[in-house]
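**Student:** Sharing a model prediction with you, sequence too.
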Amino acid sequence: MGWMKGILGDMLRFLGHNNTYVRTSAAAAIADVVEHHPQTGHATINVLQALYHDKLRSWCSHIGPLC
C-alpha cells in the first residue's frame, strides 16, 4: 500500500490548486484508484477526512469564535 500513499500524496496537493480543472482531475484520479483497487478505499477516506479536517481547523482559526 506504499504506492497508494505516493499517488495520494501527489493528488492531494492538486486538490487545493487554484484551477478548477486541476482540482477536478485530481479528484477523478483518486476516484479511479479506489475504483480499480477497492482495498484502498478505507485508507483513502481516512486521508481525505484528515485533509479536510485540517483545512476546517485552519479556516476556523481565521474566523475565531464564530466557528
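**Tutor:** Received it, and whenever you're ready, just let me know what you need.
**Student:** Mind listing what's buried along stretch 39-55?
**Tutor:** Judged by neighbour count using 16 or more other C-beta atoms under 10 Å, the buried positions of stretch 39-55 are T40, T44, V47. Glycine gets a C-beta too; all of them are placed from N, C-alpha and C.
**Student:** A29: helix or strand, and which one exactly?
**Tutor:** Secondary structure assignment for A29, by DSSP states H and E: helix 20-36.
**Student:** ok, residues contacting that helix?
**Tutor:** Helix 20-36 is contacted from outside by 4, 7-8, 11-12, 14-17, 40-41, 44, 48, using C-beta atoms under 8 Å, 6 or more residues apart in numbering.
**Student:** thinking again about what came up before, using TSV, lay out the buried residues of stretch 39-55 together with pLDDT and distance to A28.
**Tutor:** Output for those, formatted as TSV (pLDDT from 0 to 100; distance: C-beta to C-beta, whole Å):
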residue	pLDDT	distance to A28
T40	87	15
T44	90	13
V47	88	16
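**Student:** Could you measure from H42 over to Q49?
**Tutor:** For H42, the distance to Q49 equals 11 Å [C-beta to C-beta, to the nearest Å].
**Student:** quick revisit: what element comes up after the helix holding A29 heading to the C-terminus?
**Tutor:** helix 41-63.
**Student:** Who are the packing partners of that following helix?
**Tutor:** If contacts are counted by 3 or more C-beta pairs under 8 Å, 6 or more residues apart in numbering; DSSP states H and E, helix 41-63 sits against helix 2-15, helix 20-36.
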